[in-house]
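In: I'd like to go over a predicted model; first the sequence, then the structure.
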Amino acid sequence: AQSVAQPEDQVNVAEGNPLTVKCTYSVSGNPYLFWYVQYPNRGLQFLLKYITGDNLVKGSYGFEAEFNKSQTSFHLKKPSALVSDSALYFCAVRDVPQGNQGGKLIFGQGTELSVKP
Amino acid sequence: DSGVTQTPKHLITATGQRVTLRCSPRSGDLSVYWYQQSLDQGLQFLIQYYNGEERAKGNILERFSAQQFPDLHSELNLSSLELGDSALYFCASSPRGRASTDTQYFGPGTRLTVL
């Protein structure tokens, strides 16, 4: 079964420093991986996805993610954190469609990112 | 703004009651997904519809049901509500039904509180 894990419940970073939010995955077949961000009292916003190709994926708001097949990881990164980046971040993997069924998203438990000035 | 709309934003009701949550997908999207977000269970997939037909079922209780209408909007019906049903319910949409590469875009959610 497809699964993702986010090993850190919380990540604390000083503004201006680089940030990394970790995600590891377990899939059968090709991994289709996604990052979403949830601001307080808001819905999930799509940041980026890895489907195939370049292992470094660039997304919204200056975020990028590095796909590493050997380490089965898909870590989210940003070179210089902003206070406004403080939010809940979710890694997700697309489930493999079975027959006529679509592929749902399977989410990690989320990582709370706190960026302090 | 993702283009997915959900109403109402907040819903407060009592145990045993029935509520309906509404979702309008992005223009042109044929698939609608419902997810539940709770503190203890995290984000869980409930059900998917594609062009009016049910496509996949997840951890959806028998007391819950959904449908997608010809104009592609979807409704999630929750009945015989229990305290444990209090959660944030998200709707997401994507263009196609089975394409694993499609991005799912999420609405702002409906926060359900059962008292």
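Out: Yes, it's here. Numbering: from 1, shown residues only, chains lettered A, B, ... in the order given.

In: May I see the buried residues of stretch A:33-52?
Out: By neighbour count on 16 or more other C-beta atoms under 10 Å in any protein chain shown, the buried set for stretch A:33-52 is A:33-38, A:43-51. C-beta coordinates here come from the backbone N, C-alpha and C atoms, glycine included.

In: Among those residues, which ones are in strands?
Out: A:33-38, A:44-50 (DSSP state E).

In: For the most centrally placed residue in chain B, give the beta-bridge partners.
Out: The centroid of chain B falls nearest to B:Trp34 when counting by C-alpha atoms, centre = their mean (3.0 Å). Beta-bridge pairing for B:Trp34 (DSSP bridges): B:Ile47, B:Cys91.

In: Return the member of the ones in strands among the buried residues of stretch A:33-52 nearest to A:Glu112.
Out: A:Gln38 (9.9 Å; C-beta to C-beta).

In: Which helix or which strand is home to B:Ser80?
Out: Using DSSP states H and E, B:Ser80 falls within no helix or strand.

In: Can you give me the distance of it to chain A?
Out: Plainly put, B:Ser80 is 25 Å away from chain A if you go by C-beta to the nearest C-beta, to the nearest Å.

In: where's B:Cys86 relative to chain A, distance?
Out: Check again: residue B:86 is Ser, not Cys. 15 Å.

In: what does the model give that residue for pLDDT?
Out: We have a pLDDT of 97 for B:Ser86.

In: pretty sure it is in contact with B:Leu112, am I right?
Out: Yes. Between B:Ser86 and B:Leu112 there is a contact under C-beta atoms under 8 Å: 5.9 Å.

In: Compare those two (neighbour count), which wins?
Out: A direct count of neighbours by other C-beta atoms under 10 Å in any protein chain shown for B:Ser86 and B:Leu112 places B:Leu112 higher, at 21 against 17.

In: quick one, what contacts B:Ser27?
Out: B:Gly3 (C-beta atoms under 8 Å, 6 or more residues apart in numbering or on different chains).

In: What distance do you get for it to A:Ala14?
Out: With distances taken as C-beta to C-beta, to the nearest Å, B:Ser27 is found 41 Å from A:Ala14.

In: And the strands in chain A, which stretches?
Out: Applying DSSP E to chain A gives strands spanning A:3-5, A:10-14, A:19-21, A:24-26, A:33-38, A:44-50, A:56-58, A:64-68, A:73-78, A:87-94, A:105-107, A:111-116.

In: So which of these is nearest B:Thr103?
Out: B:Thr103 sits nearest to strand A:44-50 of all the strands of chain A, at 5.5 Å, using C-beta to C-beta.
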